[in-house]
Structures are given as structure tokens and as C-alpha cells.
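1. structure for this input, please:
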Amino acid sequence: MNAPKRSPSKAIGVKKTNSPAIAAGQQSPLKESPHKGKTGLKRVWNALFYSIEGFAAAWKHEDAFRQESLLAAVLVPLALFLAEAPMERALMIASVLLVLIVELINSAIEATVDRISLENHQLAKRAKDIGSAAVLIALINVLVVWGLVLLG
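-> Numbers count the residues shown, from 1 in each chain. The predicted structure follows:
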């Protein structure tokens, strides 16, 4: 199946309405995505394809995501082998997956900041640095969890 198509006109969040003022060319005061109205299995189905597109974009454009994914491909099976109890396995695997989650969020923040402007700005730097700090904390969390499980 192909991913659902997103219309560029719908992406700006202009809702259709019967209001005469808005019909005359004014935008609706509500700047909501038209995709928010979808419910049920259709929404879940669309979300699945958007998520796959997100993984593909992260893999293609984000070196750190590729590196951390390869690390996860090694560490997750290793956790299954090294941990003795199911809870230990769960903690070790969850700590690794958390790194990927935080990296995806960091990459989304960076892409959004770059979309707004590529010029050097202290707020853009702050946003990117904070996202990077979150990834660092997630990586430290892996070391702590794995260290406690394996040594403790």
C-alpha cells in the first residue's frame, strides 16, 4: 500500500467553512491541521505510513540516528543474552530504545529550527544544544542501566 498523500493546501491548516467572511478569502482563525479530524482505523493506518516516512527520513538525513540504530541493533540482542531476569532485559532494551526516541525528537527540533532560519541565532543554538543534551542524558542512562544490571 502507498502512504497517504498530504495536500500542500491542507498542510497550512486552512479549514473550509461556510462563513461569508472566510469564503471571501480570509483564513480561518483556527490554524489546525485538517488531518486532526481523522479518527479510527483510517487515522491509525495513515499514522503508520507517516511514521515509516519519518524513520526513512531520519535514516537518510541523520548520521547520529544511523549510528545509534546500529548500536541498538547490537545492544538489544546482547541484552537478551546477558540479562538474567526478564525485568533486567526490559530495562536494558528500554534504555537503548529511549536513545532512539530522544534522537528522533532532537532531529525533529533541529529540522524545525533549520526550517525557520539557517542564520546563526542564540535561540536556535539553545534549542539545538538542549536537544543534544537530552540525547547525551539518554546515552548516560544506557551506561547507568547497563552498568547496574551487569555489575550489580
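
2. can you map out the helices along the chain?
-> 8-11, 20-23, 40-61, 63-82, 86-116, 122-151 (DSSP state H).

3. compare those helices and give me the one nearest Glu32.
-> Ranking these by proximity to Glu32 (C-beta to C-beta) places helix 8-11 first, at 10.7 Å. (Glycine included, C-beta is placed from N, CA and C.)

4. domain parsing for this protein?
-> Domain assignment for the chain by automatic domain parsing gives 1-55, 62-152.

5. compare the mean pLDDT across the ones you listed and name the weakest.
-> Across those, domain 1-55 has the smallest mean pLDDT, namely a mean of 68.

6. re the thing from before, with mean neighbour count added, can I get the domains of the chain in JSON lines?
-> Output for the domains of the chain, formatted as JSON lines (neighbours: other C-beta atoms under 10 Å):
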{"stretch": "domain 1-55", "mean neighbour count": "11"}
{"stretch": "domain 62-152", "mean neighbour count": "14"}
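
7. ok, Glu103 - contacts?
-> Glu103 sits next to Ala58, Glu62, Ala64, Phe65, Glu68, Val135, Ala138 when contact means C-beta atoms under 8 Å, 6 or more residues apart in numbering.

8. so the first one makes contact with Ile105?
-> When you say that, I think you mean Ala58. No. With contact defined as C-beta atoms under 8 Å, Ala58 does not reach Ile105; the gap is 10.6 Å.
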